[in-house]
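[1] Test case, fold it:
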Amino acid sequence: MECISIFDMLKIGVGPSSSHTFGPWRAGRRLIAELKEKNKFDQVVAITVDLYGSLSLTGKGHATDIASILGLCGYDPQTIDVLQIDTIIKSISDTKLLPFNQEIDIVFDCKKDIVFNKEFKEFHPNGMTFTVLFKDGKKYTSTFYSIGGGFVVKEERKRKEKKLEAFKEFPMPVQKATDLLAYCAAQNKKISDIVLENERSLHTDQEIDERIAQIWKVMLESMYTGCHTEGTLPGGLKVRRRAYDSHKNLIGTAQYSNPNEWIASIRDTEVKFRQILKWVSCFALAVNEVNASLGRVVTAPTNGSAGVIPAVMMYYMVIENHDANFEDIKQFMLVAGEIGSLFKKGATISAAMGGCQAEIGVSSAMAAGALTELMGGSPEQVLIASEIAMEHHLGLTCDPIGGLVQIPCIERNAMGAIKAINACEMALDTTAANAKVPLDKVIATMWATAQDMNTKYKETSEGGLAIAVSLSDC
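    Sure thing, here's the model as predicted:
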């Protein structure tokens, strides 16, 4: 049984896409580790990167080429100074030298050595192959697949076997939602309690708290940054940042100097229904505007859907519970991460495999379930909320205009957050015995829908809005 940590579902990275940016970035770092393990790293003189399928079709808009280069340079997406990315790429482009793992310079032409191939590899739509040339003239190839949410695998799945071995200590392995409910019923515990016990088999309590605190710090900072940054997003669509204007109208004349003071200021603003809608939308838009500009966000479960979970958590903190603290954040993230893992095991979190239902749909389900537990819902109601949220995202296509994670992607985060809150409220008013659709059935339906969906609606920019609206229209 595959056991997935919440820290696999909630990862700190750089936008705009977890599968098209974060994944290829990690693949480049994986190649470095692979060559070092084979004692061949010092023999490298050149590298070519071949991108296939969805990575090729929307690669430029998703900065796949830039991410691949940064990965080969050995930069960590969690710690890199994102303001230096343009400078790094320009230097490599000008000198035609790539600082491989920042250890050795190798010949690299950004325009020639990254090849965009439209054909798809059979294993997964997001395939990429590194071809390495050694000093003795011999070549070595290594193929990776970015399967969504920043997860990167090789076709033989050797790393998966190692990971399963590492996770064999999970005291309460969960494959389906029914497994989760069974543990809760047998031990009379909340879902977050069960998830925490599993995480304790991998990390100490201090490590868990520190990592969750860091995740929330990045989420909060991405909301804060997005709400305080004016201008136009990069990429050619000339999309004006909306979070700045929306926030300016909502916050009024409040005075603050940091994100925590900002939270206190928001709590003092007017909170009629329209203002609540605007605040939640503003939080979500802010995160994904940061994501669209190669900023740092939390993949939750993907970069394209990174705004939903922080927006709903922030809603709880500034609207529902002004006394909310770290324990509430921890509880929320534990539940959200576990719900996300159910979808990864039973379906997909890759838009290239399942359309946007795999991104916004899953993130909305994660947020809905997590909020429901914070609002006092039972384990059954938590899963009902997740089911409701996904049920009304089934079939949602991925059709980014210009291959950019901007239209309709940014707005969809606001819609997903609002749906999550709505799903929570409906679940809290639902008696579990009256629920007709189990979460496991919705997950199975989502996967069936994904398999039936036409490829042009799976992050290829070959259908929907992506062809109805062109860059020239913008």
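[2] if we look at the host helix or strand of M314, which residues are touching it?
    M314 is part of helix 308-315 when elements are defined by DSSP states H and E. The contact list for helix 308-315 (Cβ atoms under 8 Å, 6 or more residues apart in numbering) reads 10, 216, 219-220, 222-223, 263, 276, 279-281, 283-284, 287, 298, 300, 329, 332, 336, 360, 363-364, 366-368, 370-371, 413-414, 416-417, 420-421. (Glycine included, C-beta is placed from N, CA and C.)
[3] now do stretch 214-234
    10, 12, 238-241, 243-245, 247, 259, 262-263, 282-283, 285-298, 300, 306, 309-311, 313-314, 326, 329, 333, 406.
[4] among those residues, which are in helices?
    Among these, the members falling in helices (DSSP state H) are 243-245, 247, 259, 262-263, 282-283, 285-292, 309-311, 313-314, 326, 329, 333.
[5] Show the buried residues in the contacts of stretch 214-234.
    Among the contacts of stretch 214-234, those classed as buried by 16 or more other Cβ atoms under 10 Å are 10, 12, 239, 241, 243-244, 247, 259, 262-263, 282-283, 285-298, 300, 306, 309-311, 313-314, 329, 333, 406.
[6] mind listing what the residue with the largest distance to the centre of the chain touches?
    Ranked by distance from the centre of the chain (Cα atoms, centre = their mean), the top residue is D136, with 40.7 Å. D136 makes contact with Q43, according to Cβ under 8 Å, 6+ apart.
[7] So it, which state does it fall into?
    Taken by DSSP: H, G, I helix; E, B strand; the rest coil, the conformation at D136 corresponds to coil.
[8] Repeat that for the one 4 residues further on.
    Recorded secondary structure, Y140: strand (three-state DSSP).
[9] Give me the nearest residue to it, chain neighbours excluded.
    Leaving out its chain neighbours, the residue that sits closest to Y140 by Cβ to Cβ, 6 or more residues apart in numbering is V132, at 4.5 Å.
[10] what's across from the one you found in the sheet?
    The partner list for V132 in beta bridges (DSSP bridges) reads I47, Y140.
[11] I'd say it and K138 touch.
    No - when contacts are counted by Cβ atoms under 8 Å, V132 is not listed as touching K138 (9.1 Å).
[12] of the two, who's got more company?
    V132 (22 against 10; other Cβ atoms under 10 Å).
[13] Now do the same contact list for that one.
    L31, L35, K40, V44, A46, I47, K139, Y140, T141, S142.
[14] What segments of the stretch 251-400 of the chain are strands?
    For the stretch 251-400 of the chain, applying DSSP state E, counting those that start in this stretch gives strands covering 296-299.
[15] Spatially central residue in the chain, please.
    Note: the chain centre (Cα atoms, centre = their mean) maps to T302, 1.7 Å.
[16] Could you check how far that residue is from K344?
    T302 is 11 Å from K344, where distance means Cβ to Cβ, to the nearest Å.
[17] Which neighbours do those two have in common?
    G148, G149.
[18] how far is the longest helix anywhere in the chain from where the chain is centred?
    Using DSSP H, we find that the single longest helix of the chain is helix 205-227. With Cα atoms, centre = their mean, to the nearest Å as the basis, helix 205-227 stands 14 Å off its chain's centre.
[19] Show me what counts as buried in it.
    Result for helix 205-227 [16+ other Cβ under 10 Å]: buried residues 208, 211-212, 215-216, 218-227.
[20] nearest to I443, of those?
    The nearest member of these to I443, counting by Cβ to Cβ, is I215 at 24.0 Å.
[21] Check that closest one and give its pLDDT.
    We have a pLDDT of 98 for I215.
[22] Ok, F167 next?
    47.
[23] CA atoms of stretch 71-82 as PDB?
    Output in PDB follows, covering the C-alpha atoms of stretch 71-82 (Å, rounded to 0.1, in the frame of the first residue of the first chain):
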ATOM      1  CA  GLY A  71      17.900  22.200 -11.900                       C
ATOM      2  CA  LEU A  72      21.000  21.400 -13.800                       C
ATOM      3  CA  CYS A  73      22.700  24.300 -12.100                       C
ATOM      4  CA  GLY A  74      21.900  22.500  -8.800                       C
ATOM      5  CA  TYR A  75      19.800  25.300  -7.300                       C
ATOM      6  CA  ASP A  76      17.200  24.300  -4.700                       C
ATOM      7  CA  PRO A  77      13.700  25.600  -5.500                       C
ATOM      8  CA  GLN A  78      13.000  26.000  -1.800                       C
ATOM      9  CA  THR A  79      15.900  28.400  -1.100                       C
ATOM     10  CA  ILE A  80      16.900  30.100  -4.400                       C
ATOM     11  CA  ASP A  81      16.600  33.800  -4.400                       C
ATOM     12  CA  VAL A  82      13.800  34.100  -7.000                       C
END
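[24] This completes my enquiry, with thanks.
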